[in-house]
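Undergrad: Have a look; sequence and predicted model below, questions after that.
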Amino acid sequence: MLNIEPKLNELYPDLHFGIMILENVSNPTTHPNLDSKKDELVETLRKEYGHLSKSELKALSGINHYQNFYKRFKKNYHVLYQLESITHKNRDFPNVAALVESMFMCEVKKSSAYSRLRLRPRSRKSQCKYWLWK
C-alpha cells in the first residue's frame, strides 16, 4: 500500500507521479528497434541542442524548472548531465537493459521537449512511448 503524507500535497499542490508494475517482461540488453529509436533521438538532440553551452542548457525552461526544484535539496537535475553528455561529449544512450534505456530516453526527450515548446512539465497528458516488437 502506498501512503501519501498530506503535507506533501500542501507543499507541492501540482505534484503528480506514477508507478509502473511489470511482470513477466522481456528486458533484453539490446533490441534493434530500440537501438534505432536511440540513434534517432541522439541525432535530434545533437542537432537541436549541440550548439548550446552548459549554462544555456541549464537555462532552458524544461531543465531550469527541475534544476530549481532540485536545488532546494542541494542536488542537481540528473537529466541536465545526461543531455550534456549526449550533446557535448558525443556519448550515446547506454546499452543496459531495454526498460531502463526507454525510461532514460523518455526523461531526456521530455525535458528537452518542454524546453523547446516552453511548456511547464505539469500536463497529465504528457507521455513518452518506445514500443518494442519482436
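TA: In hand now; what should we look at? Numbering: from 1, shown residues only.
Undergrad: Spell out the residue ranges of the helices in this protein.
TA: Taking DSSP state H, the helices of the chain run over residues 6-11, 32-49, 54-59, 61-71, 78-87, 98-117.
Undergrad: how about these in TSV, adding mean neighbour count and mean pLDDT?
TA: For the C-beta atoms, the positions are set from N, CA and C on the backbone; glycine is no exception. Shown next, in TSV, are the helices of the chain (neighbours: other CB atoms under 10 Å; pLDDT from 0 to 100):
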stretch	mean neighbour count	mean pLDDT
helix 6-11	9	85
helix 32-49	15	91
helix 54-59	14	88
helix 61-71	16	85
helix 78-87	18	90
helix 98-117	18	76
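Undergrad: out of the ones you listed, nearest to I19?
TA: Comparing the helices of the chain against I19 with CB to CB, the closest turns out to be helix 98-117 (12.9 Å).
Undergrad: Now do that closest one: everything it contacts.
TA: Applying CB atoms under 8 Å, 6 or more residues apart in numbering, the external contacts of helix 98-117 come out as 22, 25-31, 34, 37-38, 41, 45, 48-49, 60-63, 65-66, 79-80, 82-83, 86, 93-95, 119-121, 126, 128, 130, 132.
Undergrad: The helices of the chain: which one's closest to G18?
TA: Nearest of the helices of the chain (CB to CB): helix 98-117, 11.4 Å.
Undergrad: Quick one: distance of the closest one to the chain centre.
TA: 3 Å (CA atoms, centre = their mean, to the nearest Å).
Undergrad: Begin at 16 from now on, thanks
TA: That works, and once the first residue is 16, the last one we named lands at helix 113-132.
Undergrad: Relative to E20, how far out is the residue nearest the centre of the chain?
TA: Geometric centre of the chain, nearest residue: E122, 0.9 Å, by CA atoms, centre = their mean. Note on E122: its distance to E20, by CB to CB, to the nearest Å, is 25 Å.
Undergrad: just I34 next, same as before
TA: Using CB to CB, I34 is found at 16 Å from E20.
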